[in-house]
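> okay, structure incoming, though there's no sequence with it:
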């Protein structure tokens, strides 16, 4: 990874940046390969004034299941900003999820950035983030408020981090200004991430957290971090795991807080594969039965016609 620190112990905070294909210097595969299978965590939301913080449950070093550039990482914090810290092709998004990873055996921290769009996306990641934001609006409306969200079961980041292409750059830890250490940053694009919250929730979020003072740095030749593209995309080590159960409570001042509606979001809803259907045992039994009855019908039909001729 490139060294973004200047000499004599000083550094230039040159991050975050604009994520754009026109700024990409080429492809990056081996040195920015991202593989994950996040552990299940409770959801404790804290309002930090300019972002929402979710403390991710700690795991042992041997259980760390996030790998970047062959190094193992654990999640230490999940932050939700509004609006986004990065821009995408020059445009700011309504929000950004910043997942902070700490290396198990030393090295740079890893930030994984997932933008939030203004849309009515119906997928597991969007549903979970919307539920977290709705809970924060009702239970952590002011700076310093903390609340535990118990109506999301089996919460993990497997449904939030896309298994898609992404951009990578090595910048400076912009969360600890004015000067801090180098950090590796993985950024997904808005339409790739497909995490969306509706307009009403976007508007209400602005009353709960204020915009941060972290803004994208203008492009400067020789100073802006080099941006690379990983076309193979992130991967999971195996299946995402159990279904995620959410007990929905709409954000409504007049609603009964004890009245909830439970539903299940399937995290493994892959489309049916025709070859798997044809090779399945039940399909072969049904097909064999149909062929058997067809043969019997043809034999009866031929015997009937032969009898008619003899008469």
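Noted; the coordinates are in hand. Since this is a predicted model, take the numbers as computed values, not measurements. Numbering: from 1, shown residues only.
> strands along the stretch 1-150 of the chain, start to end?
Taking DSSP state E, counting those that start in this stretch as the test, the strands found in the stretch 1-150 of the chain are 18-19, 24-27, 34-36, 43-47, 52-54, 66-68, 71-81, 87-88, 91-92, 95-103, 109-118, 146-149.
> for the stretch 151-300 of the chain, same thing?
152-153, 166-172, 182-187, 195-197, 227-230, 235-236, 244-248, 261-265.
> quick one: low-confidence ranges for the stretch 101-250 of the chain?
177-180, 238-250 (pLDDT under 70).
> and the strands of the stretch 1-150 of the chain, which one averages the lowest pLDDT?
Of all the strands of the stretch 1-150 of the chain, the minimum mean pLDDT falls on strand 24-27 (a mean of 89).
> which residues touch it?
Here strand 24-27 makes contact (C-beta atoms under 8 Å, 6 or more residues apart in numbering) with 167, 226-231. (C-beta placed from N, C-alpha, C; glycine too.)
> now do stretch 197-213
Against stretch 197-213 from outside (C-beta under 8 Å, 6+ apart): 47-52, 80-83, 85, 94-95, 116-120, 126, 129-130, 133-134, 136-137, 140-141, 251.
> please redo it, this time with the cut-off set to 7 Å
47, 49-52, 81-83, 85, 94, 116, 118, 120, 126, 129-130, 133-134, 136-137, 141, 251 (C-beta atoms under 7 Å, 6 or more residues apart in numbering).
> from the chain's centre, how far out does it sit?
Distance, stretch centre to chain centre, for stretch 197-213: 19 Å (C-alpha atoms, centre = their mean, to the nearest Å).
> buried residues in it?
Neighbour counts over stretch 197-213 (16 or more other C-beta atoms under 10 Å) mark 197, 201-202, 204-205, 208-209, 212 as buried.
> what about the residues you listed, which are in helices?
Here DSSP state H is the test, and the buried residues of stretch 197-213 give 201-202, 204-205 as lying in helices.
> redo those as a markdown table? Include distance to residue 220.
Formatted as a markdown table, these follow (distance: C-beta to C-beta, whole Å):
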| residue | distance to residue 220 |
| --- | --- |
| 201 | 36 |
| 202 | 32 |
| 204 | 37 |
| 205 | 32 |
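> residue 29 contacts residue 232, doesn't it?
Yes - counting by C-beta atoms under 7 Å, residue 29 touches residue 232, with 6.0 Å between them.
> neighbour count winner among these two?
residue 232 (14 against 11; other C-beta atoms under 10 Å).
> for the more buried one, what are its contacts?
residue 29.
> gap between it and residue 66?
For residue 232, the distance to residue 66 equals 17 Å [C-beta to C-beta, to the nearest Å].
> same deal with residue 293?
Distance from residue 293 to residue 66, by C-beta to C-beta: 55 Å.
> with residue 99 instead?
Taken as C-beta to C-beta, the span from residue 99 to residue 66 is 9 Å.
> quick one on the thing from earlier: could I get the contacts of strand 24-27 in TSV, plus columns for distance to residue 175 and neighbour count?
As requested, those are exported to TSV (distance: C-beta to C-beta, whole Å; neighbours: other C-beta atoms under 10 Å):
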residue	distance to residue 175	neighbour count
167	19	25
226	21	16
227	20	23
228	22	18
229	24	16
230	23	20
231	28	9
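> need the max-distance pair from those.
Greatest spatial distance among those (C-beta to C-beta): 226 and 231, at 16.7 Å.
> tell me the spacing between the closest residue to residue 97 other than its chain neighbours and residue 187.
For residue 97, ignoring the flanking residues on the chain, the nearest one in space by C-beta to C-beta, 6 or more residues apart in numbering is residue 114 at 4.3 Å. To residue 187, residue 114 is 8 Å away according to C-beta to C-beta.
> got it, and residue 142?
30 Å.
> that older thread, of residue 293 and residue 66, who's got more company?
residue 66 (25 against 10).
> list the contacts for that one?
With C-beta under 7 Å, 6+ apart, residue 66 has these contacts: 36, 38, 73-74, 101.
> so can I have TSV of the strands of the stretch 1-150 of the chain showing distance to residue 163?
What follows is these, written out as TSV (distance: least, C-beta to C-beta, whole Å):
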stretch	distance to residue 163
strand 18-19	18
strand 24-27	18
strand 34-36	9
strand 43-47	22
strand 52-54	21
strand 66-68	13
strand 71-81	17
strand 87-88	19
strand 91-92	24
strand 95-103	15
strand 109-118	12
strand 146-149	25
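> what's the closest of the ones you listed to residue 171?
Short answer: strand 109-118, nearest of the strands of the stretch 1-150 of the chain by C-beta to C-beta, at 8.6 Å.
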